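Undergrad: With the input below, show me the fold.
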Amino acid sequence: TRSLIVTGVQTCALPIFLERNDVVQSIIDYREKGALRGVFLGFPILHEYYTMSLPGVTDWTGYAQSGKTEVLLELLLNTSSYYGWKHLLYVPDVGTKDEIIGILIHKITGKTFDKRYHNSNYITEAETLKELDWVLQHFFILHKTDRKAKITPYQFWDLAVELKKSHGIKTATIDSWKDLRHGKDSNGESFGRDDKYLEDVLSYRNMIAEEYNLHLHTIIHPRNGIEKDKNGNRVPPKPDDLKGGSEWWNNGKVMITIHRTQGHKNEFSFIVTKAKPQSVAKQGEIKMYLDVTKRRMYWEYQGEKIFSKKEYVKPNGLSFDHDEDEDNVPF
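TA: A predicted model of the protein is given here:
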């Protein structure tokens, strides 16, 4: 069993002025190691724009059915396959516990749980059980036994700390923000104002990530409906389109929008709208695709479908544009 008791995290240390003895060894170590950089997530083109770092914080947004959960779950799955990372998931927006596990197993095997494909791509019982233990070893999935029950973000991130200590998890994911209980601080006191609440809770999150070397992911829906341009194409939501947008922007580290311009095709845009620090991500947009049969992402290069691989292998002739203008230099 994996029963845990959530305990509080001490957070009341006051800031101090740095002196030379406080930093001399750490800055030498920092120079030797280099600026923070995240792990390779399977795609050379994506590696130029986004890596998953420890510590780190990533906020994800996009319209409903845009694919943001699909993308994030695959990237988490790749870190488990490549590096053995373990993850805490609280993703009631995805579905039941069986549906969540089913998505992960589908991505691993390429086999569906949809019985409409029983003559071609329907997964067998043996294949299901073969992958189930591996999934549960790498993904700690919170699920509701009471549909009305909700936890607060503070409780969720405190639980992530406990799981880091006891089971060595690397990341914790909320999908989505609306499925938590909001409005009160870690002591249960009401803020009264959404902006004050967001300022406190997101600062707490950033502190937890930094202090405990975790990567914390949050999926947030835009507050408004789908906006279209004069040609009828869907306009990607921006951080300002989130409820309390300015606080998300102020406290965010890396912010990503997953967007499908047409809404019904398997092509989507991976848009990095904020990159902090710039050593782990870069603002920009790339086009990727979802193979519905395999439930796997890929990108296209010279007519070839390129799926994720552990090794960083850049296709022949591929070059990345590193502009030397002042908007892109790393300082």
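
Undergrad: Same question for the one residue sitting closest to the centre of the chain, what's its three-state structure.
TA: Centroid-nearest residue in the chain, with Cα atoms, centre = their mean: His217, separated by 4.0 Å. Secondary structure assignment for His217 (DSSP: H, G, I helix; E, B strand; the rest coil): strand.

Undergrad: Could you do Leu89 as well?
TA: strand.

Undergrad: Just list whatever residues bridge to it.
TA: Beta bridges link Leu89 to Ile141, Thr173 when assigned by DSSP bridges.

Undergrad: just use 45 as the starting number from now, easier for me
TA: From this message on, residue numbering opens at 45, which makes the last subject Leu133.

Undergrad: How many neighbouring residues does the residue nearest to Phe184 when sequence neighbours are not counted have?
TA: In space, and not counting its chain neighbours, Phe184 is closest to Leu132: 4.9 Å by Cβ to Cβ, 6 or more residues apart in numbering. (Glycine included, C-beta is placed from N, CA and C.) Close neighbours of Leu132, defined as other Cβ atoms under 10 Å, add up to 25.

Undergrad: do you know how far Leu132 is from Asp202?
TA: 11 Å (Cβ to Cβ, to the nearest Å).

Undergrad: next one: Phe184
TA: 14 Å.

Undergrad: picking up where we left off before, report how many residues lie close to the closest residue to the residue nearest to the centre of the chain other than its chain neighbours.
TA: Take His261 and drop its neighbours on the chain: the residue closest to it by Cβ to Cβ, 6+ apart is Thr217, 4.2 Å away. Counted with other Cβ under 10 Å, residues neighbouring Thr217 total 23.

Undergrad: Does Thr217 touch Thr113 like I think?
TA: No - using Cβ atoms under 8 Å, Thr217 is not in contact with Thr113, being 9.2 Å away.

Undergrad: what touches both of these two?
TA: Here Thr217 and Thr113 share the contacting residues 135, 263, scored by Cβ atoms under 8 Å, 6 or more residues apart in numbering.

Undergrad: for the stretch 195-344 of the chain, what spans make up the strands?
TA: Remark: strands assigned in the stretch 195-344 of the chain by DSSP state E, counting those that start in this stretch are 215-219, 259-263, 298-303, 311-318, 328-335, 340-345.

Undergrad: Using CSV, please lay out these together with distance to Gly232 and mean pLDDT.
TA: Output for the strands of the stretch 195-344 of the chain, formatted as CSV (distance: least, Cβ to Cβ, whole Å; pLDDT from 0 to 100):
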stretch, distance to Gly232, mean pLDDT
strand 215-219, 20, 96
strand 259-263, 22, 97
strand 298-303, 29, 96
strand 311-318, 31, 95
strand 328-335, 42, 94
strand 340-345, 41, 93
